[in-house]
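>>> what shape does this take:
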Amino acid sequence: MVSGTPTIETSLVDLPRSDWMDTIRDITEDAGFHQNLGPRHFAAFVEGSSVLLVTFETMQGMHALSERAQPLGWEMVRDHGWSHLCFVSDGDTWFRQQSVYRYTDRLIDDGFFDGFDKVIFYGAGPCGYAAAAFSVASPGATVVVIQPQATLDPRVTEWDDRFTDMRRTDFTSRYGYAPDMLDAAESAFVLYDPYERLDAMHAALFTRPNVTKLRLPRMGDAIQTDLLEMEWLSDLLGNAVEGTLDTHKFAQLYRARREYPPYLRNLMAALDRGGRDRLLWSLCTNVTTRMRAPRFARKLNELKNRMAPTEQRRTAEDG
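Sure thing, here's the model as predicted:
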């Protein structure tokens, strides 16, 4: 166990599982409340301002993505002072459990969500599905989800072969089809890479008048990790709370990708596969003049040997 009285500032890294869970419970019982929801789920609340962030997260994701092995929402508590309710699962469950439904019903009946001026739901992947699906509990909420699945009901998404072990799970009962659950939201934002085919197909199912799709081409299949590494997930959620998030604001935030090596490498690989040598030349030249990038420098030398001198001149002039 952690010595002293733990708080949301306390690092939980390297704690054994039982101690980690006990410390999470101690922190949230002191700052709000904690509710066990069966062997694979629990809910933890930290009280702050009249803005409530509701996140859906996995234990494994907390350890992989947080430097303190904490809920990602606690970072938003530190940055913005918001209140935070975290639904936590052990592994990817899509939160399809009766205990989670019943607890959400209880929060509704108790008027929990009504006690806040602004409510925002957030999640990524399977947790993005859950954030969209359970957002119906707070009509008028704002929803931000990254690479969400709409459903894993094989009658609707039999083309998604990534989660075949979940095909017997019920996605048709309460809090079931995530796009329909967004009808009560004030606004929702779905982030995805259109070149990730299955993610894009799920995103298409979220087409609704109150849904804005935010495309991140060539970012890949781990967008939440990328946003955390670029350090603008907090800004993204902050703009969503303030009501200033739209396609224009998103484009401004997304300019950070120009300094983000994993994105630049993805773009280089795509141009190389497509035989887009002139664009590839321009990209490698731009990157190598702005940062130390040995991989781009090697590719530029390769292009110099591959392209005819006249084509090099034309490319340089166009660039």
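
>>> can you show me the strands along the stretch 201-319 of the chain?
Counting by DSSP state E, counting those that start in this stretch, residue ranges of the strands within the stretch 201-319 of the chain are 211-215.

>>> all helices of it, in order?
Along the stretch 201-319 of the chain, the segments classed as helices by DSSP state H, counting those that start in this stretch run 223-230, 233-242, 247-254, 261-273, 277-290, 294-306, 309-318.

>>> closest one to Met201 among those helices?
Met201 sits nearest to helix 223-230 of all those, at 15.8 Å, using Cβ to Cβ. In this view, the C-beta of every residue, glycine as well, is placed from N, C-alpha and C.

>>> give me the mean pLDDT for that closest one.
Mean per-residue pLDDT for helix 223-230: 96.

>>> then stretch 240-256?
95.

>>> mind listing what's buried along that stretch?
Buried residues in stretch 240-256, counting neighbours by 16 or more other Cβ atoms under 10 Å, are found at 240-241, 245, 249-250, 253-254, 256.

>>> so which elements touch the host helix or strand of Tyr122?
Mapping Tyr122 onto the secondary structure by DSSP states H and E places it in strand 118-124. Counting contacts by 3 or more Cβ pairs under 8 Å, 6 or more residues apart in numbering; DSSP states H and E, strand 118-124 packs against strand 51-58, helix 126-134, strand 142-146, helix 233-242.

>>> can I get that strand as PDB, trimmed to CA atoms?
The C-alpha coordinates for strand 118-124 follow below in PDB (Å, rounded to 0.1, in the frame of the first residue of the first chain):
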ATOM      1  CA  LYS A 118     -22.100  20.600 -17.900                       C
ATOM      2  CA  VAL A 119     -21.600  16.900 -18.500                       C
ATOM      3  CA  ILE A 120     -19.100  15.400 -20.900                       C
ATOM      4  CA  PHE A 121     -18.700  11.700 -21.700                       C
ATOM      5  CA  TYR A 122     -15.300  10.400 -23.100                       C
ATOM      6  CA  GLY A 123     -13.800   7.100 -24.100                       C
ATOM      7  CA  ALA A 124     -11.700   5.400 -26.800                       C
END
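
>>> between that strand and helix 126-134, how big is the angle?
With axes from the mean of the first three to the mean of the last three Cα atoms, to 10 degrees defining the directions, strand 118-124 sits at 140 degrees from helix 126-134.

>>> distance from the chain centre to strand 118-124, please.
10 Å (Cα atoms, centre = their mean, to the nearest Å).

>>> what does stretch 231-241 give?
Per Cα atoms, centre = their mean, the displacement of stretch 231-241 from the mean C-alpha position of its chain is 11 Å.

>>> so which bits of that stretch are buried?
Taking 16+ other Cβ under 10 Å as the criterion, stretch 231-241 shows 232-241 as buried.

>>> low-confidence stretches in the stretch 101-250 of the chain?
Low-confidence segments of the stretch 101-250 of the chain, defined by pLDDT under 70, are absent.

>>> tell me where the stretch 51-200 of the chain has helices.
Remark: helices assigned in the stretch 51-200 of the chain by DSSP H, counting those that start in this stretch are 59-65, 72-80, 98-109, 126-134, 154-157, 178-181, 197-205.
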